[in-house]
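> can't give you the sequence, but here's the structure:
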């Protein structure tokens, strides 16, 4: 294999078998040579100006990279596609989404290009070989193409994974907010609500509990509270606590806390807290979903005692 083709193949390997005409020309392969390789079946045309090495895996990641490379620079995977790449979303979206500062208005059948004048170079990072919007920008942009519940889930997942802080999202939101800027209306109330929260939770269930408390007039409890005895020995970490009321609230899902080891450990921890004068309340996932009023009744009892 000629040296210039070795250079191109190295670039393509890093891009899941995809490369652009500009990259090929930079390696020394003229346009007519690339066209000839297509005729010979060595290269596949993925998009205008974007090619794939014949025989390379036809994967979703390859499709994402191909879509990004076909857009006008600067460009990056964005919105629901970026949320999936960051691990904030569980499923691959049906349509690949890309953001670019300038959209060529060419019809795309397999992906969507969002034009954004506020896209800056520092809004784009490399993630597993793909140019993708930063995690903070991603959750703000999400409101333009995803329902609010998806935006909220991705925001809370990103906070738990420590992909950003709520202040990172707030700063980006303030930077790009303007009349007509899509996504802001969806993310703003979610961010403002979480700015009043004290810490990061560890599950969707805990997020739901905190939302229920936020909808009431009661104060938000401490999150992931570390309980120590009088000698400073660690007793345990609890989901939520009102230290001034010596009250602890644990959220129990069906997926956790139900196996024998967890069940035994939780009860031992609970008994030690009881011995120190704390009251431990347990809230199930079914209560949180089907009967949130019963949860508020527990909180009311804590503050009315």
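Thanks, I have the structure now. These figures come from a predicted structure and were not determined experimentally. Numbers count the residues shown, from 1 in each chain.
> Could you verify my assumption that residue 186 touches residue 142?
Yes - counting by C-beta atoms under 8 Å, residue 142 is a contact partner of residue 186 at 7.4 Å. Yep, even glycine has a C-beta here, placed from its N, CA and C like the rest.
> okay, and the common contacts of the two?
residue 151 (C-beta atoms under 8 Å, 6 or more residues apart in numbering).
> who has more neighbours, these two?
residue 142 (29 against 21; other C-beta atoms under 10 Å).
> okay, the more buried one: pLDDT?
pLDDT for residue 142: 94.
> Relative to residue 113, how far out is it?
16 Å (C-beta to C-beta, to the nearest Å).
> and if you look at residue 123?
16 Å.
> and if you look at residue 283?
Here residue 283 is placed at a distance of 45 Å from residue 113 (C-beta to C-beta).
> Check residue 64 too.
13 Å.
> quick one: which of the two has more around it?
residue 64 (27 against 23).
> That one and residue 77 touch, don't they?
Yes - here residue 64 reaches residue 77: they are 5.3 Å apart, a contact under C-beta under 8 Å.
> so what's in contact with those two at the same time?
By C-beta under 8 Å, 6+ apart, the residues touching both residue 64 and residue 77 are 85, 96, 130.
> Find the nearest non-adjacent residue to residue 302, please.
Among residues not flanking residue 302 along the chain, residue 247 sits closest, at 4.5 Å (C-beta to C-beta, 6 or more residues apart in numbering).
> burial count for that neighbour?
Neighbour tally, residue 247, other C-beta under 10 Å: 21.
> likewise the one 5 residues further on?
Using other C-beta under 10 Å, residue 252 has 20 other residues around it.
> Residue 40 now?
9.
> again with the one 4 residues further on
The local packing of residue 44 (other C-beta under 10 Å) involves 17 other residues.
> for it, helix, strand, or coil?
strand (DSSP: H, G, I helix; E, B strand; the rest coil).
> State the pLDDT value of it.
The predicted local confidence for residue 44 is 89.
> So what sits opposite it in the bridge?
residue 52 (DSSP bridges).
> you'd agree it is up against residue 54?
Yes - the pair residue 44 and residue 54 qualifies as a contact (C-beta under 8 Å) at a distance of 5.7 Å.
> Let me know the helix or strand that the residue lying closest to residue 59 once chain neighbours are set aside is in.
Nearest residue to residue 59, sequence neighbours excluded (C-beta to C-beta, 6+ apart): residue 16, at 6.5 Å. Assigned by DSSP states H and E, residue 16 belongs to no helix or strand.
> Which segments of the protein make up each domain?
According to automatic domain parsing, the chain comprises the domains 3-58, 61-194, 204-304.
> Go through those domains and pick out the most buried.
Counting by mean count of other C-beta atoms under 10 Å, domain 61-194 has the highest mean neighbour count of the domains of the chain, with a mean of 19.
> which residues does the closest residue to residue 170 other than its chain neighbours contact?
Among residues not flanking residue 170 along the chain, residue 191 sits closest, at 5.3 Å (C-beta to C-beta, 6+ apart). Residues in contact with residue 191 (C-beta under 8 Å, 6+ apart) are 155, 166, 169-170, 173.
> which of these lies closest to residue 242?
Of all the contacts of residue 191, residue 242 sits closest to residue 166, with 22.3 Å by C-beta to C-beta.
> which residues touch the nearest residue to the closest one once chain neighbours are set aside?
Leaving out its chain neighbours, the residue that sits closest to residue 166 by C-beta to C-beta, 6+ apart is residue 194, at 4.9 Å. Counting by C-beta under 8 Å, 6+ apart, residue 194 makes contact with 155, 159, 166.
> where does the closest residue to residue 41 other than its chain neighbours fall, phi/psi-wise?
Residue nearest to residue 41 in three dimensions, not counting chain neighbours: residue 54, with 5.8 Å by C-beta to C-beta, 6+ apart. Main-chain torsions, residue 54, degrees, to the nearest 10: phi -60, psi 130.
> does residue 54 really touch residue 45, like I thought?
No - assessed by C-beta under 8 Å, residue 54 is found out of contact with residue 45, at 10.8 Å.
> what pLDDT, on average, does whichever strand or helix holds the residue nearest to residue 170 get?
Using DSSP H and E, residue 191 sits in helix 184-194. Across helix 184-194, pLDDT averages out at 87.
> Quick check: what element follows that helix along the chain?
helix 204-214.
> Mind listing the strands the helix or strand just after that following helix pairs with, and their directions?
Toward the C-terminus, helix 204-214 is succeeded by strand 222-228 as the next helix or strand (DSSP H and E). According to DSSP bridges, strand 222-228 has the following sheet partners: strand 234-242 (antiparallel).
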